[in-house]
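Enquirer: Sequence and predicted structure below; questions after.
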Amino acid sequence: MKRNMAIQAALLICGIVFLITSANISTLGFNGDVLNQKDYVVILSWLLIVFSAGGISKEWLLQRKVEQLEKGQSTDEEITQQIISKKSRMKIFVSMILLFVFVLGFTYIGYYVTSLLFVFLLTWLMFDWAKKKWIVSLLFSLGLNGILYILFNLINVYFPNTLLF
Amino acid sequence: MRYKHLFFVFVVLAVILSGCGSSSSGGENGGNSVSFPEKDVRIVIPYDPGGTSDLTARAVADVMNKEKLFDENVTVVNLPGANTKNGLQEVLKAEPDGHTILLHHSTLNAMNAVGQLDISYEDYELIGQVAYTPNVLVGNANSEYKTFDDYLQAAKENPGSISVGVPNIGSTAHLAYEAIIQAVDAEGLFKLVPFQSGADLITAHLGGQVDLRMASTPDSIQYVESGDAIPLVTSSLDRHFHEALKDAVSLGELGMDTDVVVRFGFYAPKGTPQEVLDIWEETIEKVAETSAFKEMTATNGMQSEFLNIEKFTDINKQVQELFDRLAETIDLNE
Amino acid sequence: MDFLSILSDVLLSPTIIYVLIGTVLGVIFGAIPGLTATLAVVMLLPLTYGMDPLAGIATLLAAYIGGISGGVVAAILIGMPGTPSSVTTAFDGYPLAKKGMGTYALGMGAMSNLIGSLVSLVFLIMLAPQLAKLALSFTPFEYTMVMLFAFVMVAGLTGDFFKSAIVTVLGLILASWGFDPINAADRNPLGLEFLSNGIPAVPAMIGLFVISRVFIELETDQSTPIIPKSKLKRTIPTMKDMKESASNFSRSSLIGTVIGILPGIGSSLATFVAYDRAKKSSKEPQTFGNGNIQGVVASETSNNAVIGGALIPLLALGIPGDGVTALLLGGLQMHGLQPGPLLFTNQPDFMTGLFISFFISVVIMYVFMVTIGARIFPFLLSAKKVYLLPIVLVMSIAGSYNIGFRIEDVWIMAIFGVIGYFMDKWNFSTLPLVITLLLGASFEKYLRNGLIQSGGDLTPFFTRPIALLFFIFTILTIFFVIKPKKKAKNA
C-alpha cells in the first residue's frame, strides 16, 4: 500500500519535472504548426500529473477502506509479493552494478577484456562466491570469450575502438 | 594463495593480449612528399544505409577500390542520428589527415540557414562536388491543372487552396520550393505542408492529401513514367536532364540565377593539409569521369558533375546566401 | 521468361545457397535473445552489395523471415523473446515450457510461422497493387486514431488499466525525447548527452524483456536450467491441433498482413492485436498468459504475416514500412531496381524470382526449425542458469551495440533492463511502455501533421470513416475494460 503510493508520488514528481523542463523546448518552427513541440510535451506532462495524482488518491481511499474493514490485515497485493531472500536481493543488485560496469568497460577498455572479467565475476557470483568454484568460473569465461571472439570476427560483429581489444 | 591465482589470471590475459595485437601501419612522415593514404580511408555519411547519399558514397568507394586510385582500402561508414549531427561532428573532430572524409550535400546549407544546425560548410575544408540532382515539383496526374501556370493561377484566385508538401523542414527540397515561390512572387498563396520523410510525402501525394509535392528526381521519375504524376517545375537552371522530366519549367526560366539542386560533395576537417586536399580533389575528379560512376548516377536520377575546390566553394557561398535570404522570408516563429 | 525457367534459374544458381544461409542465419539470430532479426539483415547488407539483384534481395529477405520466425525459440524456452516481435509469444509459450510442453509449443510456433508467412505471400502475389491502395487511404487522421486505439488496447491488455494508462503517458513523454518529428527541435529534459537522440525502441525492448528477465531469474536457484526437460517430443502438430487453431491461424494472418501493409505501424502491434483478438474469441480467456497455446499461435502467425504485408507497399509503391523494409528499399535501389508502380510491370522476372525465394525461405525455415531446431535449441537452452544467463547478457550487449554502432543503445538497454525488473516487481505492465516507445514518435508526427493539414480543425479526426471506426473501437475497448471491473466489484 505504502509502496504503491510512493511509486505514484514518484511519478507525480516526474510529471512536474517534465512540465518544468518543457519550458526549455524551443518553439522555433514552421508557422502553420498548430500543436507545436513544446505544447505537446506540456499536455503530456499535465496528463501524467493528473493521472498519478488520481493514482495517489485511489491508493489513499483504498487504504482507508481497508483500515475500516479489517485492522492490520494484509491485502491481496502484499500477499502476492514474493518473499525474496536477502541473498538473492544482493545478487541482483551486484549483477546490475556489474552490468553497468561492463557497459562502461566495453566503451573505453574493450569488449573482450571486460567480458572476460564480467563473465568470470557473474558466474562466480551465481555460485555464491564458493571458493571451489572460482576455477570453473574462470574456465567458463575464458572458453566463452574465446568462442565469441572467433564467432564475432567471422560474422563481422564490431565493437568500439578502445584501449585494449 | 589468492595472489597465485590472480597472477595466473594476469598471465593468461597478457598472453591473449599479446597474441591479438592490432595491426598498426605507417609511421610519422616528415619531409616534403606526403604519403597519403597511409591507412584505411573512411567516407562518413550522416544517413542510414540505402539513401542517395549512401549510394553515391558507395559508388565512389567502389570505383576507388576497383581502380586502385588509393593504395589503401576505402570504406563507407554510416553515422546517422541527431539529425545528421552525429556524422557531421565525427568528421569535424576527426584527425585532419584526410583519412576521414564527409560526403554530404546541400542540406548542410539548408539546415544551417533555417537554424536547425550550428555547423556550416565553412567549418570544413571543401574538396569538391561529384554529382547533383535537381528537385522537381510534381502534381497529381488526375488533377484539372496540368502546368505550373495553371496552379499559380488557381492559387492567385484562391490563396491557400492549393497545398504543397515538402519532405522535411530545412531540406533542400523545402528551400527549393521557397526559391520557386520567390521567383514568381507567390508568397503566401500556396499552403505548405511539411512531412518527415520522402516516403511519407509520396504516400500523402498519391493519396491526394496534398496537391503538389517537392520531390527529389528519383522520387519523381517513376511516378511520372507510371502516369501518376506530372512534372511541373525543376529546380535546376536549365531543363531537367532526364527524359521523363523534360517538360518541367526550369528555375532559370522563372527568372532565378542560382539553382537549388542537391549537390553531393566531399568535406574534410579543418586543418587538413593542402596536398592531401589536392590528392582528394584529383581522385574524385577521376571518379566522376568513370563510366561506372556515370552509370550509377544515371540510374539514380543524378547527374555526374565534377566541381573543383574553388568552384565548389563559390557555389556553396552563392547557395548559402540564397538560402539565408529565403530563410528570412519563411515564416519561422520563434 | 516463363515461370519454370525462372524457377530452375533460382534453384540451380548460387541464389538458393544464399537463401539457405540467410534463412538459417536469420533463425539463429532470432533465436538468441539480444540479437534481433533486424540485426541479421543489417549484418548481411554489406555482403549483398556484390551479388546480383535477385540473390542480394532474396538473401536479405530470407534473413528477415528467419529472424522473425526464430524469435519464438527463446520466447518459449527461456521466456526471453529473441526479437521484439515475439514478446507476446513468451506470455503463453514460457508457461507451457515450464509445464514440460516446450517442444510442443515450438512445433505449433513453427507451424504458425509457416502459415502466417505463406498467407501474406499469397496476398502479396495476388493483390499487391490493389492492397497498396489501402496504404494510400491512410492519412495522418486515420493513423492518429489507429495509434490511439493501439495505446488504449494495449493498456487494457494486461494488468491494471489505470496503471497501464499512466505507463502509456510516461512512455509517450519518453518517446518525445530527442528531436521533434516536425521541426527537429531538441527535446532533452534530463540534459544527458546520450539521450540527445531520444530512446530507440529496440534496445529498450531488449532491456525490458531480456535483461529484466535475467534479473528475475537471479531470484531463484541458478544451478538449474530455466525450464524442465520437455515431455512431449512431437514437433509436428496433430490434425486436432490444426483444427482447433484454424480460426486463429486465419484471423491472425489477416491481422498481420493488414497491419504490415500500413507503413510505419510494425509487427509488434500486429502481435498485440492478434493476441488480444485470440483471447477475446477464446472460450477460456483467463487461461491466456498461463499457457494457452492459442496465444503462441496468434503471436507467431501474425508476426510472420507482417513480412509479406510490409512488402506490399514497399514493392508496389516504393514506400518502406519499417527499418528492415527501408534497408530492402536501399538494397533494391542500389541494384538499380526502383520499387514502385512500375516494378511489377517492368521487372516481372525479378518479382517472380523474389516470390519463389520467399517461398523457399519459408519452407527452409520450417524444416530447419522442426528438425534440427527442435532438437538443438532445447538442448542448448537447457544449460544451467549459471552458464546461460551470462551468455544472454554478453550477447545482448553485443547485439544492441551492433544495431547502429552507438554506445547509447547499450546504455539504454542496461537502464531499461533495470526499469523492466522493477516494473515487474511493482506490478506495472511493460507492454504500454513498449508500444509507446515504438509508436510514440509516429503518433506525434501524425497528430501534428493532421492538425497542420486541417488547419487546427479537430473534426476530420472524428468524421473520416476509417478514423471514426477506430475511434469507436477505442471507446468500446475502454468500455469493455471498465465493465468487467464493475462486475467484479459488485459481485
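Expert: Done, it's in.
Enquirer: Please work out the average pLDDT along stretch C:424-431.
Expert: Across stretch C:424-431, pLDDT averages out at 87.
Enquirer: Ignore what I typed, I meant stretch C:161-176.
Expert: Mean predicted confidence for stretch C:161-176 is 91.
Enquirer: For it, C-alpha coordinates in PDB please.
Expert: The C-alpha coordinates for stretch C:161-176 follow below in PDB (Å, rounded to 0.1, in the frame of the first residue of the first chain):
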ATOM      1  CA  PHE C 161      -5.800  -0.500 -16.800                       C
ATOM      2  CA  PHE C 162      -5.300   2.600 -14.700                       C
ATOM      3  CA  LYS C 163      -1.700   1.800 -14.000                       C
ATOM      4  CA  SER C 164      -1.100   1.000 -17.700                       C
ATOM      5  CA  ALA C 165      -2.600   4.300 -18.700                       C
ATOM      6  CA  ILE C 166       0.000   6.100 -16.500                       C
ATOM      7  CA  VAL C 167       2.700   4.000 -18.100                       C
ATOM      8  CA  THR C 168       1.300   4.900 -21.500                       C
ATOM      9  CA  VAL C 169       1.600   8.600 -20.800                       C
ATOM     10  CA  LEU C 170       5.000   8.200 -19.400                       C
ATOM     11  CA  GLY C 171       6.000   6.300 -22.400                       C
ATOM     12  CA  LEU C 172       4.700   9.000 -24.700                       C
ATOM     13  CA  ILE C 173       6.800  11.500 -22.800                       C
ATOM     14  CA  LEU C 174       9.900   9.300 -23.200                       C
ATOM     15  CA  ALA C 175       9.200   8.900 -26.800                       C
ATOM     16  CA  SER C 176       9.100  12.600 -27.200                       C
END
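Enquirer: any residue of it up close to chain A?
Expert: Yes - for stretch C:161-176 and chain A, the contact criterion (CB under 8 Å from any CB of the partner chain) is met by C:162-163, C:165-166, C:169-170, C:172-173, C:176. In this view, the C-beta of every residue, glycine as well, is placed from N, C-alpha and C.
Enquirer: okay, the residues you listed in a markdown table with secondary structure and neighbour count next?
Expert: Listed next are the residues of stretch C:161-176 next to chain A as a markdown table, based on DSSP: H, G, I helix; E, B strand; the rest coil; neighbours: other CB atoms under 10 Å in any protein chain shown:
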| residue | secondary structure | neighbour count |
| --- | --- | --- |
| C:F162 | helix | 16 |
| C:K163 | helix | 23 |
| C:A165 | helix | 20 |
| C:I166 | helix | 25 |
| C:V169 | helix | 26 |
| C:L170 | helix | 23 |
| C:L172 | helix | 26 |
| C:I173 | helix | 23 |
| C:S176 | coil | 27 |
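Enquirer: do stretch C:222-229 and chain A meet at all?
Expert: Yes - for stretch C:222-229 and chain A, the contact criterion (CB under 8 Å from any CB) is met by C:Q222.
Enquirer: Residues touching that stretch, excluding its own?
Expert: Defining contact as CB atoms under 8 Å, 6 or more residues apart in numbering or on different chains, one finds that stretch C:222-229 is touched by A:126-127, C:77-79, C:94, C:97-98, C:100, C:102, C:217, C:378, C:381-386, C:388-389.
Enquirer: Noted, bye for now.
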